[in-house]
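# My questions concern the predicted model and sequence given below.
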Amino acid sequence: MTGASFPVLTDLAIRVGPVLIFLIAITVVAEIADAAGVFEISGHWAARAGHGRTWLLWLLIVVLSCLSTIFLSLDTTAVLLTPVVIAVARQLGLNPLPFAMTTVWLANTASLALPVSNLTNLLALHRFSALGVGYLGYIHLALWPAMAAIAATVAVLAVIHLRDLRGRYHPEAPPAPHDRTLLIVAAWVCVALGPAFVSGITPAIPASAAALILVGTLLVRNRPMLRAVKVPWLIVLAVSVLFVVVDLALGHGLRELLASWVGAGTGPFDLLRVTAFGAGTANVVNNLPAYLALESVADNNPLRLMALLIGVNAGPLVTIWASLATILWRERCRRAGITISMSRFAWQGAACAIAATLAATLALTLA
């Protein structure tokens with residue numbers, strides 16, 4: 001390894017380190033919150049608040065999915081909320097598929113709102129800062145595109161599943177009992193993360209503090225439960241390797257090739273070109289390497305960088321492997337006995353991806 005390589009690797013480590021710390025911490029928070037019953041209780045509250053109306057229950061699940069994605073990351077929604085909404089739907093005698101599709105689509109399309117909502121957003125913070133757009137600036141820039149992507153997703157879901165969302169249901173059995181102290185602590189920690197994540201503090205700091213509080217509480221209340229908490233070490237390793245591989249490829253001609261494809265303007269069609277290329281690449285290879293590769297040719301302007309995030313966040317809905325959240329979601333659905341054909345997933349996902357990315361990019365150009 002040449003001496004010139006060390007500064008590059010050091011820069012990568014400084015940039016990636018806080019992102020990986022956040023990923024580990026927020027996963028621990030989500031896992032303990034799930035074990036404490038936060039997601040199960042939330043699902044049953046939604047069922048009761050729906051007052052027997054299927055469409056109202058679905059809208060409450062939409063809100064729950066958005067909140068989970070925005071404040072606890074898209075993987076939390078895909079992995080932990082999905083089995084809850086499937087179980088609740090089955091207990092009520094409803095078709096669980098519309099609810100499962102709601103969680104996976106909103107896990108992706110709602111992940112623009114905050115830097116903590118998606119790893120790609122956290123990775124982009126470094127570039128936004130270099131362009132003079134800080135944490136709060138990111139939130140301001142992403143607000144309307146995020147709202148537009150969510151609205152478009154909800155509209156497409158409503159049209160596709162209109163028949164299943166009609167009718168009524170009977171109140172379900174109450175949720176299983178949980179350790180009340182652990183449940184209260186976990187719920188308040190999750191609530192407190194909301195304002196912490198929009199305060200401008202480096203996300204890894206409040207996420208780590210939350211993880212330590214919940215681990216400490218679990219040590220006191222139910223130490224054996226800690227063994228069930230899964231830390232994503234393989235994902236951390238994979239992300240680290242991806243950074244090095246993509247950085248090497250960019251230094252050996254990939255950057256110039258991508259630049260010729262993506263262009264350099266900031267007009268409406270230029271931004272749409274960046275979004276479309278990001279979405280297409282994400283569906284071919286996965287959104288994380290797609291972002292890592294395209295960032296270097298879209299980071300000359302905040303609008304172009306946000307357009308790229310729209311593509312790699314709201315666009316990877318066509319193939320199962322397009323985002324890690326979708327891969328994890330499919331496994332959870334399989335365990336719950338729900339299957340959806342690849343062709344059906346692809347055409348429905350394409351409809352949502354087109355609507356969400358177009359709406360978000362239009363909102364970006366008008367904001």
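Received, thanks. On a predicted model such as this, the values are computed, not experimentally measured, just so you know.

# CA only for contacts and neighbour counts going forward, please
Fine.

# dump the residue contacts of residue 265.
residue 271 (C-alpha atoms under 8 Å, 6 or more residues apart in numbering).

# which SS class is it?
Of the three states, residue 265 takes coil under DSSP: H, G, I helix; E, B strand; the rest coil.

# what's near enough to touch residue 46?
Contact analysis of residue 46 by C-alpha under 8 Å, 6+ apart lists 57, 60-61.

# nope, residue 42 is what I was after
Residue 42 neighbours (C-alpha under 8 Å, 6+ apart): residue 64.

# Following element in sequence after whichever strand or helix holds it, please.
Using DSSP states H and E, residue 42 falls within helix 38-49. Using DSSP H and E, the helix or strand that follows helix 38-49 towards the C-terminus is helix 54-72.

# Pull out the buried residues from that following helix.
Applying a neighbour-count criterion of 16 or more other C-alpha atoms under 10 Å, the buried positions in helix 54-72 are 54-62, 64-72.

# Nearest residue to the middle of the protein?
residue 74 (2.3 Å; C-alpha atoms, centre = their mean).

# so it sits right up against residue 108, yeah?
Yes - using C-alpha atoms under 8 Å, residue 74 is in contact with residue 108, at 6.3 Å.

# Overlap of the contact sets of the two?
Contacts common to residue 74 and residue 108, judged by C-alpha under 8 Å, 6+ apart, are residue 325.

# list the contacts for residue 129?
residue 135.

# how far is the helix or strand where it lies from where the chain is centred?
Using DSSP H and E, residue 129 maps to helix 119-130. Here helix 119-130 is found 15 Å from its chain centre; the criterion is C-alpha atoms, centre = their mean, to the nearest Å.

# do stretch 91-110 as well
Averaging C-alpha positions (C-alpha atoms, centre = their mean) puts stretch 91-110 15 Å from its chain's average.

# and if you look at stretch 129-146?
Mean-position distance between stretch 129-146 and its chain equals 17 Å (C-alpha atoms, centre = their mean).

# what is the mean pLDDT for that stretch?
Regarding stretch 129-146, the rounded mean pLDDT is 93.

# Okay, buried residues for that stretch please.
Buried, per 16+ other C-alpha under 10 Å, within stretch 129-146: 133-135, 138-139, 141-146.

# For the helix holding residue 129, list the C-alpha coordinates in PDB.
Provided in PDB are the C-alpha atoms of helix 119-130 (Å, rounded to 0.1, in the frame of the first residue of the first chain):
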ATOM      1  CA  LEU A 119     -27.500   5.100   5.800                       C
ATOM      2  CA  THR A 120     -27.200   6.900   2.500                       C
ATOM      3  CA  ASN A 121     -28.400  10.100   4.100                       C
ATOM      4  CA  LEU A 122     -25.800   9.800   6.800                       C
ATOM      5  CA  LEU A 123     -23.100   9.200   4.200                       C
ATOM      6  CA  ALA A 124     -24.300  12.300   2.300                       C
ATOM      7  CA  LEU A 125     -24.000  14.600   5.400                       C
ATOM      8  CA  HIS A 126     -20.300  14.900   4.900                       C
ATOM      9  CA  ARG A 127     -20.800  16.100   1.300                       C
ATOM     10  CA  PHE A 128     -23.600  18.400   2.300                       C
ATOM     11  CA  SER A 129     -21.400  20.000   5.000                       C
ATOM     12  CA  ALA A 130     -18.700  20.600   2.400                       C
END
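
# Can you give me the neighbour number for residue 19?
24 (other C-alpha atoms under 10 Å).

# That one sits in which helix or strand?
helix 5-36.

# returning to that earlier point: now for the residue nearest to the centre of the chain: which residues touch it?
Residue 74 neighbours (C-alpha under 8 Å, 6+ apart): 68, 107-108, 110-111, 117-118, 325.

# out of those, which one sits closest to residue 200?
Among the contacts of residue 74, residue 117 lies closest to residue 200 (C-alpha to C-alpha), at 14.1 Å.

# what's the spacing between that closest one and residue 75?
Between residue 117 and residue 75 the computed distance is 9 Å (C-alpha to C-alpha, to the nearest Å).

# Quick check: neighbours shared by those two?
Common neighbours of residue 117 and residue 75 are listed as residue 69 (criterion: C-alpha under 8 Å, 6+ apart).

# ok, which stretches of the stretch 101-250 of the chain are helices?
119-130, 135-160, 180-197, 204-221, 233-249 (DSSP state H, counting those that start in this stretch).

# low pLDDT regions in the stretch 1-150 of the chain?
1-15 (pLDDT under 70).

# before we move on, back to that, between the contacts of residue 46, which is nearest residue 36?
Of the contacts of residue 46, the one sitting nearest to residue 36 (C-alpha to C-alpha) turns out to be residue 61, at 19.5 Å.
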